[in-house]
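**Q** Need a 3D model of the following:
(2 chains)
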Amino acid sequence: MKAILQWELVIEILLMLPVKSLVHFKCVYKSWLCLLSDPHFGISHFQRLSASFTRLLFIAPPSPEIRSIDFNASLHDDYASATLNLNFLPPNTHHNVQIIVETRYAFPQHQDFNPLLKAKMVFLSNKTSLNLSNDVRCTIFNRKILVHLYQTQRTDRIANPVPFHSKPFL
Amino acid sequence: MKMMKPYVWLQTSDDSIQQVEQEIAMFCPLICQEIIQKGMGSSKNCAICLPQQVSPAMLSLILDYCRFHQVPGRSNKERKSYDEKFVRIDTERLCELTSAADSLQLKPLVDLTSRALARIIEGKTPEEIRDIFHLPDDLTENVEVEEEHVDDRSVDDLLSFINGNDGGKLNILTILIFVFT
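**A** Residues are numbered from 1 along each chain as shown, chains lettered A, B, ... in the order given. Next up, the predicted model:
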């Protein structure tokens, strides 16, 4: 007997997949193309994704590169780890920043654990903050990471927060 | 006299009828409704007719699952490791199981098998996906144009999100930098 999954079940399963797979799967079947191109599907998918959202900022001290890592994503997912562009920070602050993890729950024992994560990590729960150095303070608030940059000699403050640009980290 | 465990009679898709422990079968909302609301299943003559998706093999798998999980006092770790082993079956059977569990409204098992299927298909090519879901290839020609169009739009959406136009509505990691001059 050939098991043919009902459409509702197929949708459920597709909602669990990373964006990268969904982009490939548009050419599987006509009704999949319609589904995956439908903004409502996109919104549901996004909500599903953000509900189980856990991401980690990884800053390896010798290199200026800062990565944002989703340690629940599979290792095949290209966006599981994305480089963030933090060029606006003064050059030396990178060395003082360590790793900040936002997690909704106790740290998961994940099988596909990213080898990068063997490094020292700092876990923050919601609404806590941590001074990473004299210059940089990280705060988790409403599931956003706010990076505050202090320059003690300067007292003026630019009114608007600068939006952070990075590669898509969806 | 020895106490008899209550049993319930179930008829699977091949018309065969079997007796299973009521306590375990009641784990499936559909069977539970039939017993409580319609008084079905108490004898062979009024066996509960299960949906077409439930073959005897699938019923036996589903009952194994229910039997394990209805035992109280198991730790989450035990349950999780049972679940992990439980879905290590071939993809065809996993699809069948998903479908059968769904027809019995057994939500936890549907979630479990759907997640397992999602993990399996995640890295597969469209061709392999068609094989798994028994789909014909019905749009090879149009695909490239369509894909390009759709991708453009999603990049725009993404940019507008990253630039914060959607602000507080979108609940995902945003890094805001406050610069002190």
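
**Q** Phi first, then psi, for residue 37.
**A** In the absence of a named chain, this looks at chain A. For A:S37, the backbone dihedrals are phi -90, psi -10 (criterion: degrees, to the nearest 10).

**Q** what number of residues lie near it?
**A** 17 (other C-beta atoms under 10 Å in any protein chain shown). Backbone N, C-alpha and C define where each C-beta goes, glycine included.

**Q** what's the lengthiest helix in chain A packed up against?
**A** Ranked by residue count and defined by DSSP state H, the top helix of chain A is helix A:39-51. If contacts are counted by 3 or more C-beta pairs under 8 Å, 6 or more residues apart in numbering or on different chains; DSSP states H and E, helix A:39-51 sits against helix A:7-15.

**Q** before we move on, back to that, same question for the longest helix of chain A: list its buried residues.
**A** Within helix A:39-51, the residues scored as buried using 16 or more other C-beta atoms under 10 Å in any protein chain shown are A:41-42, A:45-46, A:49.

**Q** residues in contact with the spatially most central residue of chain B?
**A** In chain B, the residue lying closest to the centroid (C-alpha atoms, centre = their mean) is B:V110, at 1.9 Å. Neighbouring residues of B:V110 by C-beta atoms under 8 Å, 6 or more residues apart in numbering or on different chains: A:9, A:12, B:98, B:101-102.

**Q** next SSE after the helix or strand encompassing B:S81?
**A** If you go by DSSP states H and E, B:S81 is part of helix B:76-86. Tracing the chain C-terminally past helix B:76-86 and defining elements by DSSP H and E, one meets helix B:91-103 next.

**Q** returning to that earlier point: next, the angle helix B:91-103 makes with the helix holding B:S81.
**A** Put simply, helix B:76-86 runs at 120 degrees to helix B:91-103, going by axes from the mean of the first three to the mean of the last three C-alpha atoms, to 10 degrees.

**Q** And the contacts of helix B:76-86?
**A** Applying C-beta under 8 Å, 6+ apart, the contact partners of helix B:76-86 are B:64-65, B:68-69, B:112.

**Q** Could you rerun that using 7 Å?
**A** B:65, B:68-69, B:112 (C-beta atoms under 7 Å, 6 or more residues apart in numbering or on different chains).

**Q** What residues of that helix count as buried?
**A** For helix B:76-86, burial by neighbour count (16+ other C-beta under 10 Å) applies to B:83, B:86.

**Q** May I have it exported as PDB, CA atoms only?
**A** This file holds the C-alpha atoms of helix B:76-86, laid out as PDB (Å, rounded to 0.1, in the frame of the first residue of the first chain):
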ATOM      1  CA  ASN B  76      10.900  12.500  30.300                       C
ATOM      2  CA  LYS B  77      14.200  11.100  29.300                       C
ATOM      3  CA  GLU B  78      12.800   7.600  29.000                       C
ATOM      4  CA  ARG B  79       9.900   8.800  26.900                       C
ATOM      5  CA  LYS B  80      12.100  10.900  24.700                       C
ATOM      6  CA  SER B  81      14.500   8.000  24.000                       C
ATOM      7  CA  TYR B  82      11.600   5.600  23.400                       C
ATOM      8  CA  ASP B  83      10.100   8.100  20.900                       C
ATOM      9  CA  GLU B  84      13.500   8.500  19.100                       C
ATOM     10  CA  LYS B  85      13.800   4.700  18.600                       C
ATOM     11  CA  PHE B  86      10.100   4.400  17.700                       C
END
